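Novice: predicted structure and sequence below. I'll ask about it afterward.
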Amino acid sequence: MAQAAHYLALAERLADAAGAIIRPYFRADLDIERKADESPVTIADRQAEQAMRAIIEAECPDHGIRGEEYPDKAGAGEWHWILDPIDGTKLFITGIPLFGTLIALSKNGKPVIGVVDQPISGERWAGGMDGMATFNGAAVRTNDRDGLAGANLFTTSLNEYHPDQAQAFARLSAATALTRQGTDCYAFAMLAMGFVDIVTETNLHEWDLAAHVPIIENAGGRITDWQGKPLRFDGQIKIETVIACANPTLHAQALAVLQG
């Protein structure tokens, strides 16, 4: 338990360091660059990841690091950090405070510690090896909704869905009460707190998702791919589909609809 507490505290230090860099750039006049995949990136993304990497390399020099903005650092053992300095850069550059810094520590490919930090609102979600999920230090739980008919469904953008995925999503949307787009990592955080029922995404990367796994699972939710299989964090980078649900009952119902 001492090791678990140490690593969770370290993940929170990384969030503190990233947030201190990000806040002065929020709603500032920034140069926006486009990466090879046409996604935007700013100096805030890069400096925040650099700061987190520097802390990890000083504190845990044998740990591997995978981040969105810089090449992988190979580790010497079972521990690997997975970093997204600003998940929701499109929200960040448009002045909308629903982005987040995502920090995960995986052991043998399974995320066991996760932190999601919103540095403008001062909101922080964490999940650790103690089986707890917290919001600003207080325990949180997902809800116990047991039917799709009353559920709300969130995704970032339908523009990311392939035609067959869009058809599956449309079926799920028709079966639920409310569908909303555009919240990136924030919808996953709200699911952990019991406000959101289902989140689906497609064509993401390991750094977009790893931090959510310990938080959602410790809060009582389920997060898998659209076939119900555990998400992989073994260097594959691209994750084709993901669905997070408030509880196993809702998860089973949603999977059945997605799979037609």
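Specialist: Received it, and whenever you're ready, just let me know what you need. Every value quoted in this text rests on a predicted model; they were computed, and no experiment measured them.
Novice: which residues does the residue lying closest to residue 230 once chain neighbours are set aside contact?
Specialist: Distance criterion CB to CB, 6 or more residues apart in numbering; nearest residue to residue 230, sequence neighbours excluded, is residue 224 at 6.0 Å. For every residue, glycine as well, the C-beta is placed using N, CA and C. Residues counted as contacts of residue 224 (CB atoms under 8 Å, 6 or more residues apart in numbering) are 230, 231, 242, 243, 251, 255.
Novice: and which of those is nearest residue 111?
Specialist: The closest of these to residue 111 turns out to be residue 231 (CB to CB; 8.5 Å).
Novice: can you pull the buried residues of the helix ranked longest in the chain?
Specialist: Taking DSSP state H as the criterion, the chain has its longest helix at helix 2-22. By neighbour count with 16 or more other CB atoms under 10 Å, helix 2-22 contains the buried residues 7-8, 10-19, 21-22.
Novice: check which helices and strands it sits against.
Specialist: In terms of contacts (3 or more CB pairs under 8 Å, 6 or more residues apart in numbering; DSSP states H and E), helix 2-22 is packed against helix 43-59, strand 79-87, strand 100-107, strand 110-118, strand 123-127.
Novice: now with 6 Å, please.
Specialist: On a contact count with 3 or more CB pairs under 6 Å, 6 or more residues apart in numbering; DSSP states H and E, helix 2-22 meets helix 43-59, strand 100-107, strand 110-118.
Novice: tell me which of the ones you listed is the most buried.
Specialist: Mean neighbours per residue, mean count of other CB atoms under 10 Å, is largest over those for strand 100-107, with a mean of 27.
Novice: orientation of that strand relative to helix 43-59 in degrees?
Specialist: With axes from the mean of the first three to the mean of the last three CA atoms, to 10 degrees defining the directions, strand 100-107 sits at 30 degrees from helix 43-59.
Novice: list the contacts of strand 100-107.
Specialist: 7, 11, 14-15, 18, 78, 80-85, 87, 111, 113-118, 185, 210-211, 233 (CB atoms under 6 Å, 6 or more residues apart in numbering).
Novice: could you tell me the angle between it and helix 2-22?
Specialist: Going by the same axes, to 10 degrees, strand 100-107 makes 150 degrees with helix 2-22.
Novice: and strand 100-107, how far out from the chain's middle?
Specialist: 8 Å (CA atoms, centre = their mean, to the nearest Å).
Novice: for the helices and strands packed on helix 2-22, give me TSV that also has distance to residue 217 and mean pLDDT.
Specialist: Converted to TSV, the helices and strands packed on helix 2-22 look like this (distance: least, CB to CB, whole Å; pLDDT from 0 to 100):
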stretch	distance to residue 217	mean pLDDT
helix 43-59	23	97
strand 100-107	12	98
strand 110-118	9	98
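Novice: quick one: low-confidence ranges for this structure?
Specialist: Low-confidence segments of the chain (pLDDT under 70): 1, 38.
Novice: swap in 50 and give it another go.
Specialist: Across the chain, nothing is flagged by pLDDT under 50.
Novice: got the domain ranges for this structure?
Specialist: For the chain, automatic domain parsing gives the domain ranges 2-139, 148-258.
Novice: and the last one, end to end?
Specialist: In other words, domain 148-258. The straight-line separation of the ends of domain 148-258 (CA to CA, to the nearest Å) is 12 Å.
Novice: what of stretch 238-254?
Specialist: Termini of stretch 238-254 sit 22 Å apart (CA to CA).
Novice: neighbours around residue 191, how many?
Specialist: Residue 191 sits with 26 neighbouring residues when counted by other CB atoms under 10 Å.
Novice: return the strand or helix carrying it as CSV; C-alpha atoms alone will do.
Specialist: Following DSSP states H and E, one finds residue 191 within helix 185-193. The C-alpha coordinates for helix 185-193 follow below in CSV (Å, rounded to 0.1, in the frame of the first residue of the first chain):
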residue,chain,number,x,y,z
CYS,A,185,-12.4,13.6,-21.3
TYR,A,186,-14.9,15.5,-19.2
ALA,A,187,-17.8,13.1,-20.0
PHE,A,188,-15.7,10.2,-18.6
ALA,A,189,-15.2,12.1,-15.4
MET,A,190,-18.9,12.9,-15.1
LEU,A,191,-19.6,9.2,-15.6
ALA,A,192,-17.4,8.4,-12.6
MET,A,193,-19.4,10.9,-10.5
